[in-house]
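Asks: coords please:
(chains A, B, C and D)
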Protein chains: 2
Amino acid sequence: MATIGKAARQSGLSIETIRFYERSGVVPKPDRSANNRRSYSTEQIGRLRLIRRLRDLGFGLTDAQVLSSLAIAPNADCHAVLGIAQSHIKTVRSKMAELRKFEAALVELTANCGDGRVSCPMLAQLCGNDS
Amino acid sequence: MATIGKAARQSGLSIETIRFYERSGVVPKPDRSANNRRSYSTEQIGRLRLIRRLRDLGFGLTDAQVLSSLAIAPNADCHAVLGIAQSHIKTVRSKMAELRKFEAALVELTANCGDGRVSCPMLAQLCGNDS
DNA sequence: TATAACTCCTGTAGTTACTACAGGAGCAAG
DNA sequence: CTTGCTCCTGTAGTAACTACAGGAGTTATA
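Replies: Numbers count the residues shown, from 1 in each chain, chains lettered A, B, ... in the order given. Here you go, the predicted structure:
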């Protein structure tokens, strides 16, 4: 059984984040030791580490909570996992598409910019009346 | 001079968003008509529309505020505009790189998933102790 | 043994960029 | 005279933390 500091070091999360996860129900409340300190088992630390990895992959906390629950279920439903993961892949791809559009527009807008003229062609173009 | 509803329709922002921009100092407070209603000039509506377009390009509100101020300055400093825009392009590109990493990892993790096995290879891999 | 340094506790407020009310008021049409 | 439209202020909620304040217990050193 480890203190929250050790759990933080071993999971890669901060102490504050672990307390926040507990407060918002992402992980179950751990036991408390005699002096009211939180006490984590290796399984619980593993769960925290899994959640950190899922977050590192861009999953939302809700997904991370569901997936980490599925991970400890004895007969984890792989199809449910796959569904969440594929939906997340779709989200990631549509965000990438959005960013690509941003980039193209920005590169075009700034193409004529900064050549020493007084008024800015980028803002001039964006100030136009047509949508 | 237009009401906030008209300003919203003409700028593409919602009424609530315009009030929020005013509250947080992104745009200056407009005049009020006799019955305490906000009253917008065409210049102010243009500024709101510019801010919406900058937001649509992914600029943060702080950048949008600075850029929309530069837009109405008589001798707008094009280099300042260019600096903000290029910094934003960098941000967009690094976010894209991050998403590409997410996508690659997710595709790999889910490659062996969902073939009817009982335990999930994706979660099994993420539960590992290394890293 | 005293004290300094460290970790832990609870609770609250701040971040970004809004969105969604609650509760009220002025104004026009039926 | 009531219904409906727009407007007003103010507050609270969203995602996922982060950063304290203020206090208490624990450990290391002088």
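Asks: going by C-alpha atoms from here, please, whenever you check contacts or count neighbours.
Replies: Fine.
Asks: buried set for the helix or strand harbouring A:R55?
Replies: Assigned by DSSP states H and E, A:R55 belongs to helix A:42-56. Going by neighbour count (16 or more other Cα atoms under 10 Å in any protein chain shown), the buried part of helix A:42-56 is A:44-54.
Asks: buried stuff in the lengthiest helix in chain A?
Replies: Ranked by residue count and defined by DSSP state H, the top helix of chain A is helix A:78-110. For helix A:78-110, burial by neighbour count (16+ other Cα under 10 Å) applies to A:78-79, A:81-82, A:84-85, A:88-89, A:91-93, A:96, A:99, A:102-103, A:106, A:109-110.
Asks: my guess is A:P121 contacts A:E108. True?
Replies: No - with contacts defined as Cα atoms under 8 Å, A:P121 does not count as touching A:E108, sitting 10.7 Å away.
Asks: any bit of the longest helix of chain A sitting next to DNA strand C?
Replies: No - contact of helix A:78-110 with DNA strand C is not found when judged by Cα under 7 Å from any atom of the strand; the minimum separation is 14.6 Å.
Asks: elements contacting that helix?
Replies: Helix A:78-110 is packed against helix A:61-72, helix A:121-126, helix B:78-110, with contacts defined by 3 or more Cα pairs under 8 Å, 6 or more residues apart in numbering or on different chains; DSSP states H and E.
Asks: which SSE is the residue of chain A found nearest DNA strand C in?
Replies: Using Cα to the nearest atom of the strand, the single residue of chain A nearest to DNA strand C is A:G5, 3.2 Å away. Using DSSP H and E, the element containing A:G5 is helix A:4-11.
Asks: residues making contact with that helix?
Replies: With Cα atoms under 8 Å, 6 or more residues apart in numbering or on different chains as the test, helix A:4-11 has contacts from A:14-15, A:18, A:37-40, A:45-46, A:48-49, A:52.
Asks: that one: which residues count as buried?
Replies: Using 16+ other Cα under 10 Å as the test for burial, helix A:4-11 gives A:4, A:7-8, A:10-11.
Asks: check stretch A:16-30 too.
Replies: Of all the residues in stretch A:16-30, those buried under the rule 16+ other Cα under 10 Å are A:18-19, A:21, A:26-27.
Asks: helices - which of the residues you listed land there?
Replies: A:18-19, A:21.
Asks: okay, those in JSON lines with pLDDT and distance to DNA strand C next?
Replies: Below are those laid out as JSON lines (pLDDT from 0 to 100; distance: Cα to the nearest atom of the strand, whole Å):
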{"residue": "A:I18", "pLDDT": "97", "distance to DNA strand C": "9"}
{"residue": "A:R19", "pLDDT": "96", "distance to DNA strand C": "7"}
{"residue": "A:Y21", "pLDDT": "96", "distance to DNA strand C": "12"}
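Asks: just name the shakiest helix or strand of chain A by mean pLDDT.
Replies: Ranking every helix and strand in chain A by mean pLDDT, DSSP states H and E puts helix A:121-126 at the bottom, with a mean of 86.
Asks: ok, now how distant is the residue of chain A closest to DNA strand C from A:S24?
Replies: 19 Å (Cα to Cα, to the nearest Å).
Asks: next one: A:T42
Replies: Note on A:T42: its distance to A:S24, by Cα to Cα, is 21 Å.
Asks: what does A:N36 give?
Replies: Per Cα to Cα, A:N36 is found 20 Å from A:S24.
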